[in-house]
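J.: 3D model of this:
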Amino acid sequence: MLIEEIEELFEALRKKIIIKPDHNPEFGLVDEELSDTLFHLCAIANRMNIDLEKSLRNKEEINKKKE
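T.: All right, here's what the predicted structure looks like:
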């Protein structure tokens, strides 16, 4: 389901950034698709007992050291 939500997010972004006449109302707004994607990421983290906030902060520290 995460992949499906990411596809919908990219479709919403594509339509927001590159204005096309083929707007498909099936896809929600970018903020809704980001929310759906975040929801599924959190659900995966919860099932795997991963503290997502802690993981994000650790990754930020790793990235700072790469700069």
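J.: going forward, measure contacts and count neighbours with C-alpha atoms only.
T.: Fine.
J.: just the helices in the chain please.
T.: Counting by DSSP state H, one finds helices in the chain at the ranges 2-17, 30-47, 52-66.
J.: possible to save these as JSON lines with mean neighbour count and mean pLDDT?
T.: Listed next are those as JSON lines, based on neighbours: other C-alpha atoms under 10 Å; pLDDT from 0 to 100:
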{"stretch": "helix 2-17", "mean neighbour count": "16", "mean pLDDT": "83"}
{"stretch": "helix 30-47", "mean neighbour count": "15", "mean pLDDT": "90"}
{"stretch": "helix 52-66", "mean neighbour count": "11", "mean pLDDT": "94"}
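J.: ok, Leu9 - contacts?
T.: When contacts are counted by C-alpha atoms under 8 Å, 6 or more residues apart in numbering, Leu9 touches 30, 33-34, 37.
J.: For it, give its distance to Glu61.
T.: Relative to Glu61, Leu9 is positioned 28 Å away (C-alpha to C-alpha, to the nearest Å).
J.: Could you do Glu8 as well?
T.: Distance from Glu8 to Glu61, by C-alpha to C-alpha: 31 Å.
J.: how much space is there between the residue nearest the centre of the chain and Glu7?
T.: In the chain, the residue lying closest to the centroid (C-alpha atoms, centre = their mean) is Thr37, at 4.1 Å. Applying C-alpha to C-alpha, the value for Thr37 to Glu7 is 10 Å.
J.: Also Ile44?
T.: Relative to Glu7, and taking C-alpha to C-alpha, Ile44 is found at 17 Å.
J.: Over to Ser55?
T.: Distance from Ser55 to Glu7, by C-alpha to C-alpha: 24 Å.
J.: Hmm, Leu34 and Ala12 touching each other?
T.: No - proximity of Ala12 to Leu34 does not meet the contact threshold set by C-alpha atoms under 8 Å, at 9.6 Å.
J.: still on that earlier bit, list the residues that contact the residue nearest to the centre of the chain.
T.: 2, 5-6, 9.
J.: how about the contacts of Leu9 in CSV, adding distance to Lys65?
T.: Shown next, in CSV, are the contacts of Leu9 (distance: C-alpha to C-alpha, whole Å):
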residue, distance to Lys65
Val30, 32
Glu33, 32
Leu34, 28
Thr37, 28
